[in-house]
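# no sequence on this one, just coordinates:
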């Protein structure tokens, strides 16, 4: 019982609560951006998009069997990948349209900032869990986050990839809320192991 009332347990609940709010806001913004992106890119909202290389799928088997640390590590890996992919989308958007559609570029940039902030938030939760941050021990800060840049795609392929990235990011935001709610719950097995 004492572990549930400890300062670290209270901090964990607070960080999880803030993370849930961040993920909820991010999801709302992604949904709004998806609508604008589909319209601006001239895509069909119901277009089928293959899985985007480098982005882990939000859907997972045996979700309820994962530990809190596994959940955090998977979330962190996903948001690091999204950070790289959104940066690439933003660059491609600027190349394609220049300043013709600054609104979409601003929305992508704002979403990129939210993803970066959320990744940092996940790192803070991992530090609290005393697990360390993957990639932190190497000390190589010049190394890029996420997947290596994919081969140059046609304009249409870029649009579809962007649609896939935004759709999967929306799914990850939902999963992140579920993961953080699960992590915030007091666990009777916390002292065991």
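Done, it's in. Remember, predicted model here, so these are calculated numbers, not experimental data.
# C-alpha from now on. contacts and neighbour counts both.
OK.
# excluding its backbone neighbours, what's nearest the most centrally placed residue in the chain?
Here the mean C-alpha position of the chain is nearest to the C-alpha of residue 79 (C-alpha atoms, centre = their mean), at a distance of 3.2 Å. Distances taken as C-alpha to C-alpha, 6 or more residues apart in numbering place residue 119 nearest to residue 79, at 5.8 Å, with adjacent residues excluded.
# elements contacting the helix or strand hosting that neighbour?
For residue 119, the element it lies in under DSSP states H and E is helix 102-128. Helix 102-128 sits against helix 7-41, helix 68-97, with contacts defined as 3 or more C-alpha pairs under 8 Å, 6 or more residues apart in numbering; DSSP states H and E.
# Okay, buried residues for that helix please.
In terms of neighbour count (16 or more other C-alpha atoms under 10 Å), helix 102-128 has its buried residues at 104-105, 107-109, 111-112, 114-119, 121-126.
# about what we covered before: in this structure the residue nearest to residue 79 contacts residue 73, no?
No. Between residue 119 and residue 73 there is no contact under C-alpha atoms under 8 Å: 10.3 Å.
# which ones are touching residue 111?
26, 29, 30 (C-alpha atoms under 8 Å, 6 or more residues apart in numbering).
# Distance check, the first one against residue 53.
Okay, so that is residue 26. Going from residue 26 to residue 53 by C-alpha to C-alpha, to the nearest Å gives 22 Å.
# Compare the two and say which is more crowded by neighbours.
Between residue 26 and residue 53, counted using other C-alpha atoms under 10 Å, the more crowded position is residue 26 (23 against 16).
# Let me know the pLDDT of the residue nearest to the centre of the chain.
For residue 79, the pLDDT comes out at 96.
# Contact partners for it?
Contacts of residue 79 (C-alpha under 8 Å, 6+ apart): 115, 116, 118, 119.
# Starting from residue 30, give me the distance back to it.
In terms of C-alpha to C-alpha, residue 79 sits 14 Å off from residue 30.
# same thing with residue 24?
Counting by C-alpha to C-alpha, the gap from residue 24 to residue 30 is 10 Å.
# before we move on, what about residue 163?
Distance from residue 163 to residue 30, counting by C-alpha to C-alpha: 11 Å.
# now residue 7
Counting by C-alpha to C-alpha, the gap from residue 7 to residue 30 is 34 Å.
# of the two, who's got more company?
Neighbours were counted for residue 7 and for residue 30 using other C-alpha under 10 Å; residue 30 has more, 23 against 11.
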